[in-house]
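Visitor: coords please:
(one chain, ligands or ions: 1)
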Amino acid sequence: MGKKKGTLFVVSGSSGSGKGTVIGELLNISDKFCYSVSATTREPREGEVDGVNYFFVSRERFEALIESGEMLEYAEYCDNLYGTPKSFVYSQLEKGISVLLEIEVKGAMQIKEKMPEATLIFVTPPSFAALRKRLYDRGTESTEVIEKRLKIALEEINHVKDYDYIIVNNDNEAIKAAEDIILISEGKYNKYTDARQIIKDFIN
Ligand code: 5GP
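Guide: Numbers count the residues shown, from 1 in each chain. Now for the predicted structure:
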């Protein structure tokens, strides 16, 4: 029998949904998880490191990667291209390591089509107003870009029905919810462990 393959997790959500925090926590939980670094034609933000946050490439280079079939999926978002390099994802899954992709909706739909066994998770802030506030408070983009991203968020929310799980990111419960989803997807969810914890919390 072959070695058990890793599971592919796709996490989407509008920028400012807090999905980055959820992913960061998940990667901390287990060393059997890894993050797929995407390629993008967007300019790096302050503090972003090439090869860590993204592979920052020119549009020509990106188009060459598409041409040579090296992208598992890709999409245009806010006038820039974003895509997932294929070989890294496949090699990790083969080794039994689960892979997390943080990608927007169009790319997620491509993954759903190509790899139906993937688990798709959508993270959303509790409301549009909360999202607007988060984006303006974060202050990493110009007003014009923020408004564009808010418009995309309104379109993207229509796709929640295409995802396996939806996390409303309004409090600390979001991370626990994400952990449970991952345990369920990997067939490791143990309701007895959970029940013991619930009883313990109830008594204390
Ligand atoms: P940001 O510019 O804020 O880093 O990312 C903008 C959007 O692009 C986010 O929704 C993010 O999830 C998405 N994104 C990042 N990497 C990829 C990728 O490899 N493929 C696709 N389709 N979207 C991506």
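Visitor: Do me a favour and get the end-to-end distance for stretch 45-58?
Guide: End-to-end distance for stretch 45-58, by C-alpha to C-alpha, to the nearest Å: 15 Å.
Visitor: for stretch 22-37, same thing?
Guide: End-to-end distance of stretch 22-37 (C-alpha to C-alpha): 16 Å.
Visitor: now stretch 99-110
Guide: Start-to-end span of stretch 99-110 (C-alpha to C-alpha) is 16 Å.
Visitor: Now do it, average pLDDT.
Guide: Averaged over stretch 99-110, pLDDT sits at 96.
Visitor: residues making contact with that stretch?
Guide: The contact list for stretch 99-110 (C-beta atoms under 8 Å, 6 or more residues apart in numbering) reads 6-12, 19-20, 23, 26-27, 33-36, 38, 72-75, 77, 82-84, 88-89, 92-93, 111, 120, 152, 155-156, 159, 162-163. The way it works is simple: take the backbone N, C-alpha and C, and place the C-beta from them, glycine included.
Visitor: same deal with stretch 73-89?
Guide: So stretch 73-89 is in contact with 8, 36-42, 55, 59, 62-63, 65-66, 69-72, 99, 101, 103-104, 106-108, 110-111, 114, 145, 148-149, 152, going by C-beta under 8 Å, 6+ apart.
Visitor: which of the residues in it are buried?
Guide: Neighbour counts over stretch 73-89 (16 or more other C-beta atoms under 10 Å) mark Glu73, Tyr74, Ala75, Tyr77, Leu81, Tyr82, Gly83, Thr84, Pro85, Val89 as buried.
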